[in-house]
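[1] please find the sequence and the predicted model below.
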Amino acid sequence: MSIINRKRNIPSAVWLSGVLGSFGLSLLFIGSNSRSITQSKLSGSLIESSSNPVVQTSPYESPTKQIYDHGQFLESFNASGASLLFAHVPKAGGQSVQSLLNSWGEVNGIKVLKHFEEKNLDDSLFSSKYTKQIFFGHEVWGQYLSIMKSYAGVSKGGRDLREPLKVVVMREPLSQLVSFYDYIMHKKCHNRYKNFWELYGGGTLDSHLIKMMDDIEKNGIPTTKATERLWRITHSQMDFLRTGIHGFDNTSGSLDSYQNALLHLERFHVIATLKSMDSSLLPQLKYWLPWADKSLTKILTINSIAEYLNEDEVFVKSIVSKDTAERMKKNFMKYDYKLYSMAVELSHERLEFVKKMNVLVNSNGKDGEAH
């Protein structure tokens, strides 16, 4: 019986089994008729068109409602000897987490792979023949998804692959947007630094967000480069989970985008939020990783902007007015906040699972850690 006996019905979702299922990953394929930003219809959440998504079904599943049991998913994962994959969401505390995992890896002699370019994560790295490894960086999640897509509906002839422990940390969406904007505006070596100063150097973030909202409400789509760039980072967290670091397209911020991102989010073993890393992330990592530092109670916070300031510079965070924030949340970030709310809920579920498993294991006279 599952310790978390909670199931969720997900309409229009098709879970890919076979090798995909063993990797704990689900992919929802949307055809050319999927919802997109349209100039003709703005219905509350801004990006709702009337066309229905076309779902490409897996040969292993029927196109009916699927039931997903979180407790069964977590209980069935064998963490012993498994690698770890940390999906680094931009501006969600990722550098702090990577520093922690890197230090734990070095102490325990675990290989850390972190310098991923566009396409150098190979499926052979997930072979059970490999000793456990740590994968992290912005690029690694999108590459992992690409590897898994190649397995959709295809028998790999007994290819011996091992699912990694998947970890993600998310951040309150508007706070993530502000941090992303400030980061680019202060990091002189960022590839968008010059472009951002040309577009936004003459005003505040609040004023630019108002212009973006006015533009999209009037035209249905971003019509200026300034609007498009802000629109990209507005939905960067959801786009990241959906397809990886370069996930922006004409469905960004839509219901379809949310559904795809949620399907991926639910298949992470460890889910935490930036706001609760110490109280949520650490207990989960300590449970799943026998090589974690069990005495650690606080994660060292790394300020990714401060390191790029000159000695005579002081960082001042951009301020978004209450009216702008409420307008963004209500009309432009509805699904981003819905996804974040789900992340909070899923984080609580996983923490409860860990607490109950630790009680169960400790009652048998063993250290509380995953099997």
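    Right, received. Where do you want to start?

[2] in the stretch 151-300 of the chain, which spans are strands?
    Taking DSSP state E, counting those that start in this stretch as the criterion, the stretch 151-300 of the chain contains strands spanning 165-170, 270-273.

[3] wait, which of these is closest to residue 201?
    Closest of the strands of the stretch 151-300 of the chain to residue 201 is strand 165-170, at 29.8 Å (criterion: Cβ to Cβ). (C-beta placed from N, C-alpha, C; glycine too.)

[4] and that closest one, how far from the chain's centre?
    Offset of strand 165-170 from its chain centre (Cα atoms, centre = their mean, to the nearest Å): 7 Å.

[5] what pairs with it, parallel or antiparallel?
    When pairing is defined by DSSP bridges, strand 165-170 lines up against strand 84-87 (parallel), strand 270-273 (parallel).

[6] list the contacts of it.
    Applying Cβ atoms under 8 Å, 6 or more residues apart in numbering, the external contacts of strand 165-170 come out as 24, 77, 79, 82-87, 89, 92-94, 97, 237, 241, 265, 267-274, 277, 281, 285, 288-289, 339-340, 343.

[7] any chance of the strands of the stretch 151-300 of the chain in CSV, plus mean pLDDT?
    Below are those laid out as CSV (pLDDT from 0 to 100):
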stretch, mean pLDDT
strand 165-170, 96
strand 270-273, 97
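
[8] buried residues, the longest helix anywhere in the chain. List them.
    Scanning the chain for the helix with the most residues, using DSSP state H, yields helix 334-363. For helix 334-363, a neighbour-count test (16 or more other Cβ atoms under 10 Å) marks 334-340, 342-344, 346-347, 349-351, 353-354, 357-358, 361 as buried.

[9] same check on stretch 128-142?
    132, 133, 134, 135, 136, 137, 138, 139, 140, 141, 142.

[10] ok, the last one touching residue 244?
    So that's residue 142. Yes. Counting by Cβ atoms under 8 Å, residue 142 touches residue 244, with 1.8 Å between them.

[11] any stretches of this protein with poor pLDDT?
    Applying pLDDT under 70 to the chain flags the ranges 1-68, 115-120, 150-160, 308, 365-371.

[12] quick one, what contacts the residue nearest the centre of it?
    Nearest to the geometric centre of the chain sits residue 241, at 3.9 Å (Cα atoms, centre = their mean). Applying Cβ under 8 Å, 6+ apart, we find residue 241 in contact with 87, 89, 141, 168, 261, 264, 265, 339.

[13] burial count for the residue lying closest to it once chain neighbours are set aside?
    Counting by Cβ to Cβ, 6 or more residues apart in numbering, residue 261 is the residue found nearest to residue 241 once chain neighbours are left out, at 4.0 Å. By other Cβ atoms under 10 Å, the residues close to residue 261 number 26.

[14] wait, doesn't residue 261 sit right on residue 247?
    No. The pair residue 261 / residue 247 is not scored as a contact, 9.0 Å apart, by Cβ under 8 Å.
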